[in-house]
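Enquirer: have a look; sequence and predicted model below, questions after that.
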Amino acid sequence: MAGIYIHIPFCSQACHYCDFHFSTSLKNKQRIINAINKELIMQKHYLKSQLIQTIYFGGGTPSIIDSRSLALIIETIQNNYKLTQNAEITIEANPEDVGQEKVLSWSKAGFNRVSLGVQSFRNQDLKYMNRIHNSEQAIQAISLLQSSEINNFNVDLIYGYPELDNIAWKKNLDKVIAFDIPHISCYCITIEPKTPLYYFIKKGKYAKLNSEQGNSQFLIAREKLMSSGYEHYEISNFSKPGRASLHNNNYWNKTHYLGVGPSAHSFNGISRQWNINNNSLYCEKIEHNDCYYEIETLTTRDKINEYIMTQIRTSIGMDEKYFKQNMDDISFNNFKIELSKLEAQKLLKINGSSIMLTESGMLISDSISKNLFLI
């Protein structure tokens, strides 16, 4: 099984926290769509005829693109790749783009899942993030999706910023729980270089972030959602039983995937490659059949470190057998010593060959990963 990720590099406006590759100008839209379709054909052998289980349209904001263009991309995939019978096909959408006719057109195009960027139900928070939609539009979008043919959907929420105290965060969580959303992603806001948020904080226009607040709100989300019947299957992701995202699970479990579009990344177990992150140059390279990506062959050390970085975030955790099979004796013994230290600090729990983060470990998962990486 494998996946395909389509990067749609357009947004109506820039969110203050976002450092993804996108443009707010749609003037090159058709050229980009044509290049994406051509790249899909050019790369049809990248996954070596593996069955495609997931297709994910991310960005950017795919929901601002006309449905016909999106449908053409899905048609190109269907004509050049083998899909599983019930492949999960997801589109990321903003609430202001969700209307009855558009959702119907998405369903006709083949989409069966939506990831909705709500972020907060409070207008003051949405203004802080520079989101276009308001709270009422978020609620309307959720209600519309629940009554549509695409009723398998995710809601994104963001926490950890000064405007959102714990009481307000609990109210946001209570609202998604009351809606009985099948899947919820909770992300702690981060300061990425060169974003508006970075400069606002640097210049004192916005208050600094507080890691303790982020940790507290992570624990609040975990307690409230798990006590409401959600499974915490990955640090940022919660789902009702049987409603976990196949796309998410495949990414964290190192399933092979092809990334298509400007700045998209691909992984086939042997190498990793990433496309040019310039829209015009990407199109020009594709149109002239020139190389439009960089590639890195993964060493054994790289593969082990990537396994640690991704698998440790999941509820399944890491398998000690994997390390024994892929490490030399000295490295494996040193790795076991580090595991014992982390277990003694109650940051990891080891059950047979399964190595999982404790709740305390989830708060510093990146730091734990770095401690375990092979140098």
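Expert: Structure received.
Enquirer: how about residues contacting the lowest-mean-pLDDT helix or strand in the chain?
Expert: Least confident helix or strand, the chain: helix 246-252 with a mean of 90, by mean pLDDT, DSSP states H and E. For helix 246-252, the surrounding residues in contact (CB atoms under 8 Å, 6 or more residues apart in numbering) are 1-3, 53-54, 56, 88, 90, 233-234, 237, 255, 257, 310-311, 313-314. Every C-beta, even on glycine, is put in place using the N, C-alpha and C of the backbone.
Enquirer: switch the cut-off to 7 Å
Expert: Applying CB atoms under 7 Å, 6 or more residues apart in numbering, the external contacts of helix 246-252 come out as 3, 53-54, 56, 88, 90, 234, 237, 257, 310-311, 313-314.
Enquirer: try stretch 309-323
Expert: 232-235, 252, 254, 307-308, 332, 335, 353-357, 365, 368-369.
Enquirer: what sits against Glu343?
Expert: Counting by CB under 7 Å, 6+ apart, Glu343 touches 349-350.
Enquirer: can you tell me the element it falls in?
Expert: Assigned by DSSP states H and E, Glu343 falls within helix 329-344.
Enquirer: if you count neighbours, what's buried in that helix?
Expert: Of all the residues in helix 329-344, those buried under the rule 16 or more other CB atoms under 10 Å are 331, 335, 339, 342.
Enquirer: do stretch 98-114 as well
Expert: Buried residues in stretch 98-114 (16+ other CB under 10 Å): 98, 103, 105-106, 109-114.
Enquirer: and stretch 234-244, by the same measure?
Expert: Neighbour-count burial for stretch 234-244 flags 234-239, 243-244 (criterion: 16+ other CB under 10 Å).
Enquirer: all strands of the stretch 151-300 of the chain, in order?
Expert: Secondary structure of the stretch 151-300 of the chain (DSSP state E, counting those that start in this stretch): strands located at 153-159, 183-188, 231-234, 237-239, 257-260, 265-267, 271-275, 293-297.
Enquirer: so which of the ones you listed gets nearest Tyr81?
Expert: For Tyr81, the closest of those is strand 257-260, at 8.7 Å, according to CB to CB.
Enquirer: for that closest one, packing partners?
Expert: Under the contact criterion of 3 or more CB pairs under 7 Å, 6 or more residues apart in numbering; DSSP states H and E, strand 257-260 touches strand 2-8, helix 29-42, strand 265-267.
Enquirer: let me know which of those is tucked in deepest.
Expert: Compared across the helices and strands packed on strand 257-260, strand 2-8 shows the largest average neighbour count, a mean of 25 (mean count of other CB atoms under 10 Å).
Enquirer: same list (the helices and strands packed on strand 257-260) but as JSON lines, adding mean pLDDT and distance to Ser120.
Expert: Below are those laid out as JSON lines (pLDDT from 0 to 100; distance: least, CB to CB, whole Å):
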{"stretch": "strand 2-8", "mean pLDDT": "97", "distance to Ser120": "23"}
{"stretch": "helix 29-42", "mean pLDDT": "97", "distance to Ser120": "29"}
{"stretch": "strand 265-267", "mean pLDDT": "96", "distance to Ser120": "28"}
